[in-house]
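Student: All I have is the shape, not the residue letters:
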């Protein structure tokens, strides 16, 4: 089992909406997300699947990473959207 992956919001939201977010936990020990992706997930909202996202964050296998340096983030945002950067 690979130790971790870094995920974007789209796949996490999609898996949560269909009730299969746990598949990532079966495949990876840890799923790492940047703070921007955490904001996009909105686990505190009432949309379908938000309870799965909240549980994953509470259980600690979905982790919010540290923010990258401003220089690195600026260079990545030239070619990627904010969440992917």
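Tutor: Ah, there it is. Because the structure is a prediction, the values reported are computed rather than measured.

Student: where does this structure have low pLDDT?
Tutor: For the chain, the stretches flagged by pLDDT under 70 are 1-2, 68, 72, 83-85.

Student: residues in contact with residue 12?
Tutor: 21, 24, 31, 33, 37, 41, 53, 62 (Cβ atoms under 8 Å, 6 or more residues apart in numbering). Placement of C-beta: from N, CA and C, glycine included.

Student: go with 7 Å
Tutor: 21, 41, 53 (Cβ atoms under 7 Å, 6 or more residues apart in numbering).

Student: you'd agree it is in a helix?
Tutor: Yes. Counting by DSSP: H, G, I helix; E, B strand; the rest coil, residue 12 falls inside a helix.

Student: That one and residue 70: what is the separation?
Tutor: 25 Å (Cβ to Cβ, to the nearest Å).

Student: same deal with residue 52?
Tutor: Noted for residue 52: a distance of 33 Å to residue 70, by Cβ to Cβ.

Student: Mind checking which of the two has more residues around it?
Tutor: Applying other Cβ atoms under 10 Å to residue 52 and residue 70 shows that residue 52 carries more neighbours, namely 21 against 8.

Student: Now residue 3: closest residue in space that isn't a chain neighbour?
Tutor: What sits nearest to residue 3 in space, not counting adjacent residues and going by Cβ to Cβ, 6 or more residues apart in numbering, is residue 29, at 5.1 Å.

Student: cool, and residue 64?
Tutor: That would be residue 38: by Cβ to Cβ, 6+ apart, it lies 4.8 Å from residue 64.
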